[in-house]
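[1] Need a 3D model of the following:
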Amino acid sequence: MYWSTSRVVVVVLVCLVGVALIASGCPKPPAPVVTPPIPPPTQPAVTPPSGEPIKVGAIFSVTGPGAPLGTPEKETVALVEKMVNDSGGINGRPLEIIVADDQSDENQALAAAKRLIDRDKVVVVVGPTISGTSLAIIKTFEDAKLPLVSCAASIKITQPVKEWVFSTAQPDTLAVARLMEYLKAKKISKIAVVFDSNAFGKSGMDVLEKQAPDSGVTIVAKESFGSKDTTVSSQLTKLKSAKPEAVICWGTNPGPAVVAKEMKQMKFDVPLFMSHGIANRKFIELAGDAANGVVFPAGKLLVAETLPASEPQKQVLLDYTKAFNDKYQKGPDTFGGHAWDAMQLTVQALKDAGTDPTKLRAAIEKTTKFVGVTGIFNLSATDHNGLTKDSFVMVTIKDGNWVLAE
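    Modelled structure (predicted):
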C-alpha cells in the first residue's frame with residue numbers, strides 16, 4: 001500500500017491523540033479509514049494498423065518556382081500520414097503516402113502521375129501544387145478513372161466539371177469576387193493589372209476581365225511577367241502612365257514580391273492588391289518592407305487567432321496550426337492547408353467507401369458540411385470544389401504581419 005507523507009503525519013497525530021484519550025480515561029476513537037490514491041484514467045490502447053498499406057499518391061512542387069507552396073504541402077501530408085497511423089490507420093490498415101516532386105514543371109508532373117498510377121498502384125492522388133501542373137495531368141486521371149484532388153486554384157481545374165477531378169484551393173473566381181466587393185466598398189473604379197504569364201496568372205486575368213465590368217471597375221492597362229523574371233520595371237512604367245487608382249498583381253512568388261519592391265522604388269504610390277497566391281510567409285520575406293500595406297483575399301488561417309469564437313473554422317485552424325508547429329517548430333501556411341483539406345477529404349472517403357476508385361470518387365463527391373482549413377466544403381455532382389467566397393477574408397500586411405483589412 002502506498003502512503004503519502006501527509007497521510008503518515010495524519011495517522012501519527014491520530015495515534016498520539018488516541019494515547020492521550022486512553023490515558024485520560026476517555027473511550028477509544030474509531031481507527032481512521034485510509035484510502036489508497038486513485039490512479040489516473042488511462043487512454044484506451046490503439047491497435048497499430050496492420051496488413052497491406054493503402055497507397056495514396058501526392059504530387060507537389062517541392063523544387064522550382066512553386067516550392068514555397070509545395071514544401072508546406074509535402075510537410076502537411078507527412079503529418080497527416082503519422083496522425084492517421086498513430087490512431088489506428090484506415091479501417092485497421094496503414095496509410096502510405098508516396099510523394100513525387102514535379103519540380104514545378106508540367107512534363108515532370110505528367111511523368112509523376114503515370115508512375116504513381118502504373119508502378120505504385122495508388123488509389124487516389126492529392127495535388128499537384130500549382131495550376132499549370134494540375135491542368136497538365138487531368139486527362140491522365142480521367143483516362144485512368146482514378147480520383148485526383150488538386151491543391152491548385154485555377155477555376156479551369158474543376159469547371160467545367162471533370163468526373164474524376166476535385167480541388168481544395170479557393171478558385172480564382174471566388175478570390176476575384178471577394179476582391180471586387182472590397183474595391184467597390186473603397187470606391188476604386190480604375191485599376192491596372194500585372195499578372196504572371198503562367199496558368200494561374202492567366203486564369204486570374206481572365207476572371208478579372210469577366211467580373212470587372214459587372215462590378216463597375218475598368219481595367220485601364222494590363223501587363224504580364226514571367227515566373228522567373230527578376231524585374232518588372234518596364235511593365236510597371238506602362239501601368240503608371242495609365243494613371244490607375246490601384247494596381248492588382250495576380251501571381252505566386254517570387255514575381256509578386258518583385259512587383260511590390262519595384263513599385264515602392266519607383267514611387268508608384270497607389271494601393272497594391274494581390275491574389276491569394278501570396279498567402280504565405282515567403283512573400284513577406286522576399287518583399288521586405290514593400291510587403292507592408294499590400295491587401296489581398298486569403299483564407300482564414302492567416303488570422304485564425306483574431307477570429308471570433310463563433311467562427312465555425314476557428315478550432316480546425318488552431319488545431320492544424322498546433323499540430324504543424326509541434327512537428328516542424330514553425331507555423332503552417334495557406335498552401336499546407338490545401339493539402340490538409342485534400343488529405344482529410346481523402347481519408348474520410350477511404351474510411352467510408354474503401355479503395356475501389358469508383359466508390360471512392362463517389363464518396364468524395366458526396367462530402368458536405370466538411371469544415372476544413374480552407375473553408376467549409378459542400379461538394380456535389382455539379383461542384384467539385386464546394387467553396388464559396390465566404391471562405392475568404394480581406395487581409396493586409398502591417399509591420400510584417402497579417403491583419404484583417406479594414
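
[2] quick one: pLDDT of Ala45?
    The per-residue pLDDT reported for Ala45 equals 72.

[3] Look at it and tell me its secondary structure.
    Reduced to three states with DSSP: H, G, I helix; E, B strand; the rest coil, the structure at Ala45 is coil.

[4] Look up how far Ser87 lies from it.
    Plainly put, Ala45 is 12 Å away from Ser87 if you go by C-beta to C-beta, to the nearest Å. The C-beta positions use only the backbone N, C-alpha and C, and glycine is treated the same way.

[5] So the two - more neighbours on which side?
    Ser87 (10 against 6; other C-beta atoms under 10 Å).

[6] quick one, phi/psi of the more buried one?
    The phi/psi pair for Ser87 (degrees, to the nearest 10) reads phi -100, psi 20.

[7] How about the contacts made by it?
    For Ser87, the contact set (C-beta atoms under 8 Å, 6 or more residues apart in numbering) comprises Val46.

[8] cutoff 10 Å now
    Remark: with contacts taken as C-beta atoms under 10 Å, 6 or more residues apart in numbering, Ser87 is in contact with Val46, Pro49.

[9] Does anything pack onto the strand or helix carrying Met83? Which helices or strands?
    Taking DSSP states H and E as the criterion, Met83 maps to helix 67-86. In this structure, helix 67-86 makes packing contacts with strand 54-60, strand 95-101, strand 125-126, helix 281-287, helix 314-328, helix 334-353, judged by 3 or more C-beta pairs under 10 Å, 6 or more residues apart in numbering; DSSP states H and E.

[10] Determine which stretch of the ones you listed is the most buried.
    Each of the helices and strands packed on helix 67-86 was given a mean neighbour count from mean count of other C-beta atoms under 10 Å, and the largest, a mean of 29, is that of strand 125-126.

[11] now for that strand, which elements pack on it?
    For strand 125-126, the packing partners by 3+ C-beta pairs under 10 Å, 6+ apart come out as strand 54-60, helix 67-86, strand 95-101, helix 106-118, helix 131-144, strand 148-150, helix 334-353.

[12] Relative to Thr173, which of these is closest?
    Taking C-beta to C-beta, helix 131-144 is the member of the helices and strands packed on strand 125-126 nearest to Thr173, at 12.9 Å.

[13] relative to helix 106-118, how tilted is that closest one?
    On the basis of axes from the mean of the first three to the mean of the last three C-alpha atoms, to 10 degrees, helix 131-144 is oriented at 30 degrees to helix 106-118.

[14] And the average pLDDT for helix 131-144 is what?
    The predicted model gives helix 131-144 an average pLDDT of 98.

[15] now do stretch 236-243
    Per-residue pLDDT over stretch 236-243 has a mean of 98.

[16] How far away from the center of its chain is that stretch?
    Taking the mean of its C-alpha atoms, stretch 236-243 sits 35 Å from the chain's own mean (C-alpha atoms, centre = their mean, to the nearest Å).

[17] What of stretch 75-91?
    On the basis of C-alpha atoms, centre = their mean, stretch 75-91 is displaced by 17 Å from the centre of the chain it belongs to.

[18] Now do the same contact list for the residue nearest to Lys264 when sequence neighbours are not counted.
    Nearest residue to Lys264, sequence neighbours excluded (C-beta to C-beta, 6 or more residues apart in numbering): Ala290, at 4.4 Å. Residues in contact with Ala290, defined by C-beta under 10 Å, 6+ apart, are Ala257, Val258, Val259, Ala260, Lys261, Glu262, Met263, Lys264, Gln265, Leu272, Ile284, Ile397.

[19] which residue packs closest to the fifth one, ignoring adjacent ones?
    Of all residues not flanking Lys261 in the chain, Ala290 sits nearest, at 4.4 Å (C-beta to C-beta, 6+ apart).

[20] what secondary structure does the one you found sit in?
    Classification of Ala290 using three-state DSSP returns helix.

[21] and if you look at Leu236?
    Secondary structure of Leu236, per three-state DSSP, is helix.
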